[in-house]
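Asker: Need a 3D model of the following:
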Amino acid sequence: MRPIFTFYRPFAAIATFFTLFTGYLLLSWGSAYYMLALLWIKAFSNALLGVAFHLSRAEQLHFYHNLGYSTVRLYALAMTLDLLIWLAFIVVTLQFL
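Answerer: Modelled structure (predicted):
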């Protein structure tokens, strides 16, 4: 699991921004009815972030391939980790509504 955290590290700052942004939108809208829209915002931002990372740093993937991780598995695990962090943050944010 440590290689996944290492792979996720460059995503973390921008992904945290989108997590905080969706939390802010949730608090400003004041309703949990917009959860699906917030999930789509987070999913599309993750997809765009993954594409940007893949296009700019594709040569770094050889390190993870040598560890036995495929490209699809790396991105899927990193995005799953990010969505779990987002979900935990949203659950905490919902406590304030």
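
Asker: Which helix or strand contains the residue most central in space within the chain?
Answerer: Taking Cα atoms, centre = their mean, the centroid of the chain lies closest to Asp82, which sits 3.4 Å from it. Take DSSP states H and E as the rule and Asp82 turns out to sit in helix 71-94.

Asker: what's that helix in contact with?
Answerer: 4-5, 7-8, 11, 15, 19, 22-23, 26-27, 32, 35, 38, 42-43, 46, 50, 54, 61, 64-65 (Cβ atoms under 8 Å, 6 or more residues apart in numbering). C-beta here means a position set from N, CA and C on the backbone, and glycine is covered the same way.

Asker: would you list every one of the helices in the chain?
Answerer: Assigned by DSSP state H, the chain shows helices spanning 2-29, 35-56, 61-66, 71-94.

Asker: Would you reformat those helices as JSON lines and include mean pLDDT?
Answerer: Formatted as JSON lines, these follow (pLDDT from 0 to 100):
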{"stretch": "helix 2-29", "mean pLDDT": "93"}
{"stretch": "helix 35-56", "mean pLDDT": "94"}
{"stretch": "helix 61-66", "mean pLDDT": "93"}
{"stretch": "helix 71-94", "mean pLDDT": "95"}
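
Asker: Could you measure from Leu49 over to Tyr75?
Answerer: 10 Å (Cβ to Cβ, to the nearest Å).

Asker: Can you report how many residues lie near Leu81?
Answerer: Neighbourhood size, Leu81 [other Cβ atoms under 10 Å]: 18.

Asker: now Thr16
Answerer: For Thr16, using other Cβ under 10 Å, the count is 14.

Asker: ok so, going back, filter the contacts of helix 71-94 down to the buried ones.
Answerer: 4, 7-8, 11, 15, 19, 22-23, 26, 38, 42, 46, 50, 61, 64 (16 or more other Cβ atoms under 10 Å).

Asker: what's near enough to touch the residue located most distally from the centre of the chain?
Answerer: Using Cα atoms, centre = their mean, the residue of the chain lying farthest from its centre is Asn66. It sits 24.0 Å away. Taking Cβ under 8 Å, 6+ apart, we find Asn66 in contact with no residue.

Asker: All set, thanks.
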